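Novice: Predicted model and sequence follow; I will ask about them next.
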Amino acid sequence: MTTDQTMRALYLGILGLAIAGSVIVSGRENLNKTLQQAAIWLFIFLGVIGAYGLWEDISRDTAGRQAYLADGRIEVPRSQDGHYYLTLAVNNVPLRFVVDTGASQIVLTQQDAQRIGIDPGKLNYWGYAMTANGEVRTAPVVLDNIALGQIEDTDINAVVNGGEIDMSLLGMTYLNRFDHIEISNNQMVLSR
């Protein structure tokens, strides 16, 4: 904990003790009822904190998923963070990607590369890419197959990022394979 965090915790502790002390002093004639009400408020407070802490997990788990329609279209709802996410089977392993029209290629994290059988430690990082965080080194790879629902492609060029990124990126080399990409009403629709 930093000094600032310690001081805030100390301040909140003293404030809590002052409030608890005033409640006990004001309700000393009926102490059992006062303690019962304090316990109820404590459980309400802890419940709110727990719900707030779990909200991101809950919303991610209940958010809409990509849908495969009978006519071959794929509908992808916009996530609460404003991005579109797709889960593709890469070399028969499901990987989650953020759709990134600013990325020219498919960019794999080192962890995702390892999950599909590529050893990031044995790659030659001779390429470069410009990111929002500056220049990073990349290693070219060829993915045996990528499946998105019934749509399957083979021998796809991609790169493994030599730096740290949170999630693999689905860039334009893959998106250009679709005949039509439409974004409207908080939904992206891909079709071939």
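Specialist: Ah, there it is.
Novice: C-alpha only now, for contacts and for neighbours.
Specialist: Fine.
Novice: Assign the residue of the chain most remote from its centre to helix, strand or coil.
Specialist: No residue in the chain has its C-alpha farther from the mean C-alpha position than E29, which lies at 52.5 Å (Cα atoms, centre = their mean). Put simply, E29 is helix when judged by DSSP: H, G, I helix; E, B strand; the rest coil.
Novice: Can you give me the distance of it to G149?
Specialist: According to Cα to Cα, to the nearest Å, E29 and G149 sit 69 Å apart.
Novice: how close does the residue farthest from the centre of the chain get to A38?
Specialist: Applying Cα to Cα to E29 and A38 gives a distance of 15 Å.
Novice: And V142, by the same measure?
Specialist: 62 Å.
Novice: Have a look at the two and say which one is more surrounded.
Specialist: A side-by-side neighbour count of V142 and A38, using other Cα atoms under 10 Å, places A38 first with 15 against 12.
Novice: in the helix or strand hosting the more buried one, what counts as buried?
Specialist: Element membership for A38, per DSSP states H and E: helix 31-62. Neighbour counts over helix 31-62 (16 or more other Cα atoms under 10 Å) mark 34-35 as buried.
Novice: Which strands or helices does it pack on?
Specialist: helix 3-26 (3 or more Cα pairs under 8 Å, 6 or more residues apart in numbering; DSSP states H and E).
Novice: May I see the buried residues of the helix it packs on?
Specialist: Those would be I24, for helix 3-26 by 16+ other Cα under 10 Å.
Novice: So which elements touch it?
Specialist: Counting by 3+ Cα pairs under 8 Å, 6+ apart, helix 3-26 packs on helix 31-62.
Novice: What angle do helix 3-26 and the helix it packs on make with each other?
Specialist: Calculated by axes from the mean of the first three to the mean of the last three Cα atoms, to 10 degrees, helix 31-62 forms an angle of 140 degrees with helix 3-26.
Novice: Is there a neighbour count for G72? I'd like the number.
Specialist: 13.
Novice: Could you do R192 as well?
Specialist: 12.
Novice: Wait, it touches E182, no?
Specialist: No: the criterion here is Cα atoms under 8 Å, and R192 misses it with E182 at 11.9 Å.
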